[in-house]
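S.K.: Mind folding the following:
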Amino acid sequence: MSVTYKTNQPLIDQYFNLFETTGWNKEYCLNKDELNLSLSNSYYTVSVYEDNKLVGFGRIVSDGVLHAMVYEMIVDPDYQGEGIGSTILNMMVDKCLENNIRDIQLFCARGKKSFYERHGFTVRDSSAPGMQYNRDHRR
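M.R.: Numbers count the residues shown, from 1 in each chain. All right, here's what the predicted structure looks like:
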């Protein structure tokens, strides 16, 4: 399988279809315009394509200095287990580290904690939910 990683936002029709594979929209009930607006407010995005098909996506929202939050990490179920999610996450963390952003956090989907732990995130205390990137992970 040959995939291409790009740091531009995907076409909304493609992204909407990929977003629907997560089941999240059952709760959020977003239309394409709302989802497109959320994308336009991103700090950094990674789109993954096989040929012209969007098969993976990740995005960060950030103030560019202190905080960054991973809000979406999506890999088409037919493409999971191929390292796409790891590459997306590494690219996003690298972007934050290159820009000296001090705090990288995320809320992980149910059952995905070990994936993020393998990539340097640690679970925060129950009084402060979510996960925090450990800057010593790559040293």
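S.K.: Tell me which stretches of the protein form strands.
M.R.: Using DSSP state E, the strands assigned to the chain run over residues 4-6, 44-50, 53-62, 67-75, 103-106, 121-123, 131-133.
S.K.: which of those strands has the lowest average pLDDT?
M.R.: Confidence, taken as mean pLDDT, is least for strand 131-133 of the strands of the chain (a mean of 83).
S.K.: For this structure, name the helix or strand with the lowest mean pLDDT.
M.R.: strand 131-133 (a mean of 83; mean pLDDT, DSSP states H and E).
S.K.: what's it packed up against?
M.R.: strand 103-106, strand 121-123 (3 or more Cβ pairs under 8 Å, 6 or more residues apart in numbering; DSSP states H and E). Where you see a C-beta, it was placed from the backbone N, CA and C, and this is true even at glycine.
S.K.: Out of the ones you listed, which is closest to residue 137?
M.R.: Of all the helices and strands packed on strand 131-133, the one in closest proximity to residue 137, counting by Cβ to Cβ, is strand 121-123 (8.2 Å).
S.K.: re earlier: show me what the least confident helix or strand of the chain pairs with in its sheet, parallel or antiparallel.
M.R.: Based on DSSP bridges, the pairing partners of strand 131-133 within the sheet are strand 103-106 (antiparallel), strand 121-123 (antiparallel).
S.K.: any idea which of the ones you listed is most buried?
M.R.: For the strands paired with strand 131-133, the stretch with the most neighbours on average is strand 103-106, a mean of 19; neighbours defined as mean count of other Cβ atoms under 10 Å.
S.K.: Cool, thanks, signing off.
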